[in-house]
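**Q** fold the stuff below for me.
(one chain, ligands or ions: 1)
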Amino acid sequence: MTDPVFSPDTRLVHGGVARSQFAETAEALFLTSGFVYESAEEAEATFAGTVSHYQYSRFGNPTLSMLEERLALLEGAEVCRVTATGMAAVHAALLAPLRSGDRVVASRALFGSCHWIVSTLLPRYGIETEFVDGTDLGAWRAALARPASLVLVETPSNPMLEIIDLPAVAAVAHTAGAIVVVDNVFATPLLQKPLAFGADVVVYSATKHFDGQGRVLGGAVLGRKEWMEGTLQPFLRNTGGTLSPFNGWVLLKGLETLSLRVRAAGETAARIADFLAGRAEVERVWYPFRADHPQERLARAQMQGGGTVVSFAVRGGKAAAFAAMNALRLIAISNNLGDAKSLATHPATTTHMRIGEAERARLGITDAVIRLSVGLEDAADLEADLARALVAGWAERAAA
Ligand SMILES: *Cc1c(COP(=O)(O)O)cnc(C)c1O
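**A** Numbering: from 1, shown residues only. Here you go, the predicted structure:
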(Lines give C-alpha, C1' and ligand atoms only; values in the text may rest on other atoms or scores of the structure.)
Protein backbone atom coordinates (compact mmCIF):
# COMPACT_ATOMS: atom_id res chain seq x y z
CA MET A 1 0.00 0.00 0.00
CA THR A 2 2.73 2.48 -0.87
CA ASP A 3 1.17 3.77 -4.05
CA PRO A 4 1.79 7.54 -4.10
CA VAL A 5 -1.77 8.23 -5.32
CA PHE A 6 -3.17 7.59 -1.83
CA SER A 7 -4.06 10.60 0.27
CA PRO A 8 -2.30 11.33 3.59
CA ASP A 9 -5.23 9.97 5.64
CA THR A 10 -4.99 6.63 3.82
CA ARG A 11 -1.20 6.53 4.13
CA LEU A 12 -1.49 7.05 7.87
CA VAL A 13 -3.48 3.81 8.11
CA HIS A 14 -1.83 1.64 5.46
CA GLY A 15 1.54 3.20 4.60
CA GLY A 16 4.56 0.96 5.04
CA VAL A 17 2.65 -2.16 6.09
CA ALA A 18 4.78 -5.26 5.50
CA ARG A 19 2.88 -8.38 6.53
CA SER A 20 4.67 -11.40 7.91
CA GLN A 21 4.00 -14.95 6.71
CA PHE A 22 1.03 -15.01 9.12
CA ALA A 23 -0.84 -12.29 7.21
CA GLU A 24 -1.84 -10.37 10.35
CA THR A 25 -4.17 -7.37 10.03
CA ALA A 26 -2.43 -5.08 12.51
CA GLU A 27 1.27 -4.32 12.11
CA ALA A 28 3.40 -7.02 13.71
CA LEU A 29 5.56 -6.18 16.70
CA PHE A 30 9.03 -7.63 16.19
CA LEU A 31 10.31 -7.38 19.73
CA THR A 32 13.68 -8.88 18.94
CA SER A 33 17.21 -7.61 19.34
CA GLY A 34 18.77 -9.86 16.71
CA PHE A 35 18.02 -11.91 13.58
CA VAL A 36 19.23 -15.36 12.50
CA TYR A 37 20.93 -16.36 9.27
CA GLU A 38 20.40 -19.53 7.26
CA SER A 39 24.15 -20.02 6.99
CA ALA A 40 27.51 -18.49 7.72
CA GLU A 41 27.58 -17.48 4.06
CA GLU A 42 24.33 -15.55 4.43
CA ALA A 43 25.71 -13.73 7.48
CA GLU A 44 28.85 -12.89 5.53
CA ALA A 45 26.83 -11.61 2.57
CA THR A 46 24.58 -9.57 4.87
CA PHE A 47 27.54 -7.81 6.47
CA ALA A 48 29.15 -7.31 3.07
CA GLY A 49 25.94 -5.64 1.94
CA THR A 50 25.32 -7.95 -1.00
CA VAL A 51 22.22 -9.47 0.62
CA SER A 52 19.39 -7.51 2.27
CA HIS A 53 18.73 -9.02 5.71
CA TYR A 54 18.05 -7.50 9.13
CA GLN A 55 21.14 -7.79 11.34
CA TYR A 56 20.51 -6.20 14.70
CA SER A 57 17.74 -3.92 15.97
CA ARG A 58 20.14 -1.05 16.61
CA PHE A 59 20.59 -0.91 12.81
CA GLY A 60 17.08 -1.79 11.70
CA ASN A 61 13.96 -3.72 12.68
CA PRO A 62 10.88 -4.71 10.63
CA THR A 63 8.41 -2.89 12.94
CA LEU A 64 10.55 0.25 12.78
CA SER A 65 10.87 -0.11 8.99
CA MET A 66 7.07 0.05 8.72
CA LEU A 67 7.02 3.19 10.85
CA GLU A 68 9.84 4.78 8.83
CA GLU A 69 8.14 3.99 5.54
CA ARG A 70 4.83 5.40 6.78
CA LEU A 71 6.45 8.63 7.99
CA ALA A 72 8.46 9.05 4.78
CA LEU A 73 5.28 8.65 2.70
CA LEU A 74 3.43 11.16 4.88
CA GLU A 75 6.23 13.72 4.72
CA GLY A 76 7.02 13.20 1.05
CA ALA A 77 10.65 12.45 2.03
CA GLU A 78 12.91 9.89 0.39
CA VAL A 79 14.05 8.29 3.65
CA CYS A 80 13.10 8.38 7.35
CA ARG A 81 15.00 7.07 10.36
CA VAL A 82 13.27 6.86 13.72
CA THR A 83 15.04 7.51 17.02
CA ALA A 84 14.54 6.91 20.74
CA THR A 85 13.36 10.48 21.44
CA GLY A 86 12.90 13.77 19.66
CA MET A 87 16.16 14.98 21.16
CA ALA A 88 18.00 11.92 19.80
CA ALA A 89 16.68 12.97 16.37
CA VAL A 90 17.80 16.59 16.74
CA HIS A 91 21.15 15.55 18.21
CA ALA A 92 21.84 13.12 15.35
CA ALA A 93 20.69 15.56 12.66
CA LEU A 94 23.19 18.12 14.01
CA LEU A 95 26.14 16.02 15.15
CA ALA A 96 26.16 13.65 12.17
CA PRO A 97 27.01 16.30 9.57
CA LEU A 98 28.92 18.84 11.72
CA ARG A 99 32.68 18.98 12.18
CA SER A 100 34.96 21.09 14.36
CA GLY A 101 35.37 24.48 12.68
CA ASP A 102 31.87 24.45 11.18
CA ARG A 103 29.37 27.22 11.77
CA VAL A 104 25.69 26.91 12.76
CA VAL A 105 23.04 29.63 12.65
CA ALA A 106 19.80 28.98 14.52
CA SER A 107 16.63 30.81 15.33
CA ARG A 108 16.61 31.89 18.97
CA ALA A 109 13.12 30.52 19.62
CA LEU A 110 13.98 26.84 20.04
CA PHE A 111 12.74 24.06 22.31
CA GLY A 112 14.84 24.22 25.52
CA SER A 113 17.06 21.18 24.85
CA CYS A 114 17.62 22.19 21.20
CA HIS A 115 18.70 25.61 22.47
CA TRP A 116 21.15 23.89 24.87
CA ILE A 117 22.69 21.78 22.10
CA VAL A 118 23.31 24.89 19.99
CA SER A 119 24.38 27.25 22.79
CA THR A 120 26.35 24.85 24.99
CA LEU A 121 27.15 21.47 23.43
CA LEU A 122 28.24 22.39 19.90
CA PRO A 123 30.75 25.06 21.01
CA ARG A 124 32.49 22.41 23.16
CA TYR A 125 33.39 20.61 19.94
CA GLY A 126 34.74 23.71 18.24
CA ILE A 127 31.56 24.50 16.33
CA GLU A 128 30.73 28.19 16.12
CA THR A 129 27.07 28.97 16.75
CA GLU A 130 24.98 32.08 16.40
CA PHE A 131 21.35 32.77 17.30
CA VAL A 132 19.17 35.16 15.34
CA ASP A 133 15.64 36.45 15.70
CA GLY A 134 14.01 33.92 13.37
CA THR A 135 11.31 36.32 12.23
CA ASP A 136 13.84 38.95 11.05
CA LEU A 137 15.01 38.22 7.49
CA GLY A 138 17.61 40.97 7.75
CA ALA A 139 19.17 39.17 10.73
CA TRP A 140 19.32 35.91 8.74
CA ARG A 141 20.97 37.72 5.81
CA ALA A 142 23.53 39.33 8.12
CA ALA A 143 24.36 36.08 9.92
CA LEU A 144 24.55 34.15 6.67
CA ALA A 145 26.71 36.69 4.85
CA ARG A 146 29.53 34.42 6.05
CA PRO A 147 29.58 30.74 5.08
CA ALA A 148 27.72 28.33 7.36
CA SER A 149 27.26 24.57 7.44
CA LEU A 150 23.85 24.23 9.00
CA VAL A 151 20.76 26.28 9.82
CA LEU A 152 18.30 25.09 12.48
CA VAL A 153 14.79 26.51 12.84
CA GLU A 154 11.60 25.64 14.66
CA THR A 155 8.32 26.96 13.27
CA PRO A 156 5.86 27.57 14.82
CA SER A 157 8.14 28.01 17.79
CA ASN A 158 7.64 26.84 21.33
CA PRO A 159 6.00 28.52 23.23
CA MET A 160 5.41 31.90 21.55
CA LEU A 161 4.34 30.42 18.18
CA GLU A 162 6.60 32.59 16.07
CA ILE A 163 6.51 31.75 12.37
CA ILE A 164 9.69 31.55 10.30
CA ASP A 165 9.53 32.22 6.57
CA LEU A 166 10.82 28.84 5.40
CA PRO A 167 11.32 29.54 1.66
CA ALA A 168 13.12 32.85 2.37
CA VAL A 169 15.39 31.46 5.10
CA ALA A 170 16.15 28.31 3.07
CA ALA A 171 17.21 30.43 0.09
CA VAL A 172 19.58 32.57 2.19
CA ALA A 173 20.94 29.49 3.97
CA HIS A 174 21.66 27.67 0.72
CA THR A 175 23.51 30.69 -0.64
CA ALA A 176 25.75 30.49 2.45
CA GLY A 177 26.34 26.77 1.83
CA ALA A 178 24.24 25.55 4.75
CA ILE A 179 21.80 22.68 4.95
CA VAL A 180 18.46 23.61 6.53
CA VAL A 181 17.10 21.50 9.40
CA VAL A 182 13.51 22.18 10.48
CA ASP A 183 12.00 21.04 13.78
CA ASN A 184 8.39 20.58 12.62
CA VAL A 185 6.86 19.31 15.86
CA PHE A 186 4.29 22.04 16.37
CA ALA A 187 2.92 21.88 12.82
CA THR A 188 3.08 18.10 12.25
CA PRO A 189 3.55 16.84 8.66
CA LEU A 190 -0.16 17.34 8.10
CA LEU A 191 -0.09 21.11 8.54
CA GLN A 192 3.33 21.98 7.12
CA LYS A 193 5.76 20.32 4.71
CA PRO A 194 9.19 21.98 5.18
CA LEU A 195 10.83 19.96 2.38
CA ALA A 196 8.45 21.59 -0.11
CA PHE A 197 9.70 25.01 1.08
CA GLY A 198 13.37 24.22 0.59
CA ALA A 199 14.35 22.51 3.85
CA ASP A 200 16.84 19.65 3.55
CA VAL A 201 16.09 17.75 6.75
CA VAL A 202 12.98 17.57 8.96
CA VAL A 203 13.05 16.39 12.57
CA TYR A 204 10.23 15.39 14.91
CA SER A 205 9.58 14.49 18.47
CA ALA A 206 7.22 11.55 17.88
CA THR A 207 6.42 11.81 21.58
CA LYS A 208 4.05 14.63 20.76
CA HIS A 209 1.30 14.28 18.13
CA PHE A 210 2.53 11.02 16.52
CA ASP A 211 1.87 9.06 19.69
CA GLY A 212 -0.61 11.70 20.77
CA GLN A 213 -1.79 9.70 23.73
CA GLY A 214 0.97 10.34 26.22
CA ARG A 215 2.50 6.86 26.18
CA VAL A 216 5.94 6.67 24.58
CA LEU A 217 8.91 8.79 23.60
CA GLY A 218 10.19 8.74 20.04
CA GLY A 219 11.73 10.82 17.29
CA ALA A 220 12.26 10.92 13.54
CA VAL A 221 14.67 12.40 11.00
CA LEU A 222 13.64 12.70 7.35
CA GLY A 223 15.55 13.78 4.27
CA ARG A 224 17.14 12.81 0.99
CA LYS A 225 18.42 9.25 0.50
CA GLU A 226 22.04 10.25 -0.07
CA TRP A 227 22.28 12.36 3.11
CA MET A 228 20.25 9.99 5.25
CA GLU A 229 22.24 6.92 4.24
CA GLY A 230 25.64 8.54 3.83
CA THR A 231 25.65 10.99 6.75
CA LEU A 232 22.92 10.25 9.26
CA GLN A 233 22.70 6.46 9.29
CA PRO A 234 26.40 5.74 10.13
CA PHE A 235 26.11 8.16 13.06
CA LEU A 236 22.83 6.70 14.32
CA ARG A 237 23.73 3.02 14.05
CA ASN A 238 27.05 3.53 15.82
CA THR A 239 25.89 5.90 18.55
CA GLY A 240 22.73 3.99 19.48
CA GLY A 241 19.85 6.46 19.76
CA THR A 242 17.59 3.70 18.41
CA LEU A 243 13.86 3.49 19.02
CA SER A 244 12.52 0.43 20.86
CA PRO A 245 10.41 -1.73 18.49
CA PHE A 246 7.65 -1.70 21.10
CA ASN A 247 7.56 2.10 21.14
CA GLY A 248 7.68 2.05 17.34
CA TRP A 249 4.65 -0.22 17.26
CA VAL A 250 2.76 2.13 19.61
CA LEU A 251 3.65 5.02 17.28
CA LEU A 252 2.40 3.09 14.23
CA LYS A 253 -0.97 2.72 15.92
CA GLY A 254 -0.88 6.39 16.97
CA LEU A 255 -0.36 7.48 13.37
CA GLU A 256 -3.58 5.77 12.28
CA THR A 257 -5.54 8.50 14.07
CA LEU A 258 -3.07 11.40 13.63
CA SER A 259 -5.13 13.22 11.06
CA LEU A 260 -8.39 12.92 13.04
CA ARG A 261 -6.68 14.07 16.23
CA VAL A 262 -4.75 16.99 14.74
CA ARG A 263 -7.88 18.21 12.96
CA ALA A 264 -10.13 17.93 16.03
CA ALA A 265 -7.62 19.43 18.47
CA GLY A 266 -6.79 22.19 15.97
CA GLU A 267 -10.46 23.17 15.62
CA THR A 268 -10.82 23.29 19.40
CA ALA A 269 -7.55 25.24 19.75
CA ALA A 270 -8.76 27.89 17.28
CA ARG A 271 -12.04 28.18 19.18
CA ILE A 272 -10.25 28.41 22.55
CA ALA A 273 -7.87 31.07 21.23
CA ASP A 274 -10.91 33.20 20.32
CA PHE A 275 -12.52 32.45 23.67
CA LEU A 276 -9.39 33.50 25.58
CA ALA A 277 -9.01 36.67 23.50
CA GLY A 278 -12.50 37.70 24.60
CA ARG A 279 -11.74 37.39 28.31
CA ALA A 280 -10.93 40.49 30.38
CA GLU A 281 -8.41 38.50 32.45
CA VAL A 282 -6.32 37.76 29.35
CA GLU A 283 -3.88 40.36 28.12
CA ARG A 284 -2.85 38.69 24.89
CA VAL A 285 -3.31 35.49 22.90
CA TRP A 286 -0.91 33.87 20.41
CA TYR A 287 -2.36 31.53 17.80
CA PRO A 288 -0.93 31.38 14.25
CA PHE A 289 -4.23 31.65 12.36
CA ARG A 290 -5.75 34.49 14.43
CA ALA A 291 -5.93 37.91 12.76
CA ASP A 292 -3.98 39.47 15.67
CA HIS A 293 -0.99 37.15 15.19
CA PRO A 294 1.78 39.36 13.73
CA GLN A 295 2.57 36.72 11.09
CA GLU A 296 -0.89 35.43 10.30
CA ARG A 297 -0.40 35.84 6.54
CA LEU A 298 2.88 33.94 6.56
CA ALA A 299 1.34 31.24 8.77
CA ARG A 300 -1.54 30.81 6.32
CA ALA A 301 0.87 30.74 3.37
CA GLN A 302 2.94 27.86 4.69
CA MET A 303 0.59 25.98 7.04
CA GLN A 304 -2.67 24.13 6.46
CA GLY A 305 -3.97 24.93 9.95
CA GLY A 306 -3.06 26.88 13.06
CA GLY A 307 -2.10 23.82 15.10
CA THR A 308 -3.04 22.49 18.50
CA VAL A 309 -1.19 24.87 20.82
CA VAL A 310 -2.39 28.26 22.10
CA SER A 311 -0.30 30.55 24.28
CA PHE A 312 -1.72 33.44 26.28
CA ALA A 313 -0.66 36.04 28.82
CA VAL A 314 -2.87 36.71 31.83
CA ARG A 315 -3.12 40.08 33.52
CA GLY A 316 -1.40 40.00 36.90
CA GLY A 317 1.89 38.28 36.10
CA LYS A 318 3.21 35.11 37.68
CA ALA A 319 0.86 35.15 40.70
CA ALA A 320 -2.20 35.34 38.45
CA ALA A 321 -0.81 32.73 36.05
CA PHE A 322 -0.05 30.30 38.88
CA ALA A 323 -3.43 30.90 40.54
CA ALA A 324 -5.18 30.25 37.23
CA MET A 325 -3.22 27.05 36.59
CA ASN A 326 -3.84 25.81 40.11
CA ALA A 327 -7.58 26.36 39.68
CA LEU A 328 -7.79 24.16 36.57
CA ARG A 329 -9.69 20.93 37.21
CA LEU A 330 -9.94 19.34 33.77
CA ILE A 331 -6.78 20.65 32.12
CA ALA A 332 -3.68 19.14 33.75
CA ILE A 333 -0.42 20.94 34.52
CA SER A 334 2.19 19.14 32.43
CA ASN A 335 5.03 20.18 30.15
CA ASN A 336 4.18 17.61 27.45
CA LEU A 337 2.14 18.59 24.39
CA GLY A 338 0.27 17.08 21.49
CA ASP A 339 -1.59 14.76 23.87
CA ALA A 340 -5.27 13.75 23.75
CA LYS A 341 -5.48 15.34 27.19
CA SER A 342 -5.28 19.14 27.33
CA LEU A 343 -2.15 20.27 29.18
CA ALA A 344 -1.10 23.66 30.54
CA THR A 345 2.42 24.72 31.33
CA HIS A 346 4.16 27.86 32.58
CA PRO A 347 7.18 28.04 30.21
CA ALA A 348 9.15 30.65 32.19
CA THR A 349 9.49 28.37 35.22
CA THR A 350 9.58 24.98 33.47
CA THR A 351 10.47 24.29 29.81
CA HIS A 352 12.30 27.60 29.36
CA MET A 353 13.66 28.05 32.88
CA ARG A 354 17.23 27.11 31.91
CA ILE A 355 17.66 29.53 29.02
CA GLY A 356 17.85 32.41 31.53
CA GLU A 357 15.96 35.62 32.06
CA ALA A 358 17.65 37.70 29.36
CA GLU A 359 16.95 35.13 26.65
CA ARG A 360 13.35 34.73 27.86
CA ALA A 361 12.90 38.50 27.67
CA ARG A 362 14.20 38.49 24.09
CA LEU A 363 11.68 35.78 23.22
CA GLY A 364 8.76 37.45 24.98
CA ILE A 365 8.31 34.58 27.44
CA THR A 366 7.09 36.60 30.40
CA ASP A 367 5.94 35.27 33.77
CA ALA A 368 2.36 35.91 32.64
CA VAL A 369 2.50 33.43 29.74
CA ILE A 370 0.73 30.08 29.88
CA ARG A 371 1.09 27.54 27.06
CA LEU A 372 -1.96 25.39 26.45
CA SER A 373 -1.71 22.18 24.44
CA VAL A 374 -5.28 21.52 23.38
CA GLY A 375 -6.46 17.92 23.44
CA LEU A 376 -9.56 16.03 22.39
CA GLU A 377 -11.96 16.97 25.19
CA ASP A 378 -15.23 18.75 24.45
CA ALA A 379 -14.48 22.41 23.67
CA ALA A 380 -17.22 23.73 25.96
CA ASP A 381 -15.84 21.73 28.90
CA LEU A 382 -12.39 23.18 28.27
CA GLU A 383 -13.80 26.71 28.07
CA ALA A 384 -15.66 26.24 31.35
CA ASP A 385 -12.47 25.02 33.02
CA LEU A 386 -10.48 27.98 31.66
CA ALA A 387 -13.19 30.46 32.66
CA ARG A 388 -13.15 29.19 36.25
CA ALA A 389 -9.35 29.30 36.31
CA LEU A 390 -9.17 32.83 34.91
CA VAL A 391 -11.59 34.08 37.55
CA ALA A 392 -9.32 32.55 40.22
CA GLY A 393 -6.28 34.22 38.65
CA TRP A 394 -8.15 37.54 38.57
CA ALA A 395 -8.96 37.24 42.27
CA GLU A 396 -5.27 36.62 42.97
CA ARG A 397 -4.36 39.76 41.02
CA ALA A 398 -6.90 41.83 42.98
CA ALA A 399 -5.52 40.47 46.26
CA ALA A 400 -1.91 41.27 45.31
C1 LIG B 1 9.36 17.84 22.68
C2 LIG B 1 10.14 18.55 21.65
C3 LIG B 1 11.43 18.13 21.33
C4 LIG B 1 12.12 16.99 22.05
O5 LIG B 1 11.46 15.78 21.93
P6 LIG B 1 11.57 14.60 23.01
O7 LIG B 1 10.76 13.51 22.40
O8 LIG B 1 11.02 15.12 24.29
O9 LIG B 1 13.00 14.24 23.14
C10 LIG B 1 12.11 18.83 20.35
N11 LIG B 1 11.55 19.88 19.72
C12 LIG B 1 10.31 20.31 20.02
C13 LIG B 1 9.75 21.47 19.28
C14 LIG B 1 9.56 19.65 20.98
O15 LIG B 1 8.32 20.09 21.27
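**Q** and the residue of the chain found nearest the ligand, what does it touch?
**A** In the chain, the residue that lies nearest the ligand is G86 (2.2 Å; Cβ to the nearest ligand atom). The way it works is simple: take the backbone N, C-alpha and C, and place the C-beta from them, glycine included. Shown in contact with G86 (Cβ atoms under 8 Å, 6 or more residues apart in numbering): 111, 185, 203-208, 217-219.
**Q** for those, point out the one with the lowest pLDDT.
**A** On pLDDT alone, F111 ranks lowest of the contacts of G86, at 91.
**Q** excluding its backbone neighbours, what's nearest it?
**A** N158 (5.2 Å; Cβ to Cβ, 6 or more residues apart in numbering).
**Q** buried residues in stretch 250-261?
**A** Using 16 or more other Cβ atoms under 10 Å as the test for burial, stretch 250-261 gives 250-252, 254-259, 261.
**Q** same question, stretch 134-141
**A** Applying 16+ other Cβ under 10 Å to stretch 134-141 flags 134-135, 139-140 as buried.
**Q** I'd like the buried residues of stretch 250-261 as JSON lines, with secondary structure appended.
**A** Putting the buried residues of stretch 250-261 into JSON lines (DSSP: H, G, I helix; E, B strand; the rest coil) gives the following:
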{"residue": "V250", "secondary structure": "helix"}
{"residue": "L251", "secondary structure": "helix"}
{"residue": "L252", "secondary structure": "helix"}
{"residue": "G254", "secondary structure": "helix"}
{"residue": "L255", "secondary structure": "helix"}
{"residue": "E256", "secondary structure": "helix"}
{"residue": "T257", "secondary structure": "coil"}
{"residue": "L258", "secondary structure": "helix"}
{"residue": "S259", "secondary structure": "helix"}
{"residue": "R261", "secondary structure": "helix"}
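**Q** how about those, which pair is most distant?
**A** V250 and S259 (17.5 Å; Cβ to Cβ).
**Q** up against the ligand, what does the protein have?
**A** Listed as neighbours of the ligand in the chain under the rule Cβ under 6 Å from any ligand atom: 85-87, 90, 111, 114, 154, 158, 183, 185, 205, 207-208, 217, 219.
**Q** from these, which land in helices?
**A** 86-87, 90, 114 (DSSP state H).
**Q** which one of those sits in the busiest neighbourhood?
**A** V90 (27 neighbours; other Cβ atoms under 10 Å).
**Q** flag the shaky bits of the stretch 1-150 of the chain, pLDDT-wise.
**A** Scanning the stretch 1-150 of the chain for pLDDT under 70 picks out the ranges 1-4.
**Q** now, which of the contacts of G86 lie within strands?
**A** Among the contacts of G86, the ones falling in strands (DSSP state E) are 203-205, 219.
**Q** identify the farthest-apart pair in those residues.
**A** The widest separation within those (Cβ to Cβ) is 8.0 Å, between V203 and S205.
**Q** can I get the contacts of G86 in JSON lines including neighbour count?
**A** Below are these laid out as JSON lines (neighbours: other Cβ atoms under 10 Å):
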{"residue": "F111", "neighbour count": "21"}
{"residue": "V185", "neighbour count": "29"}
{"residue": "V203", "neighbour count": "29"}
{"residue": "Y204", "neighbour count": "28"}
{"residue": "S205", "neighbour count": "29"}
{"residue": "A206", "neighbour count": "30"}
{"residue": "T207", "neighbour count": "24"}
{"residue": "K208", "neighbour count": "23"}
{"residue": "L217", "neighbour count": "20"}
{"residue": "G218", "neighbour count": "28"}
{"residue": "G219", "neighbour count": "28"}
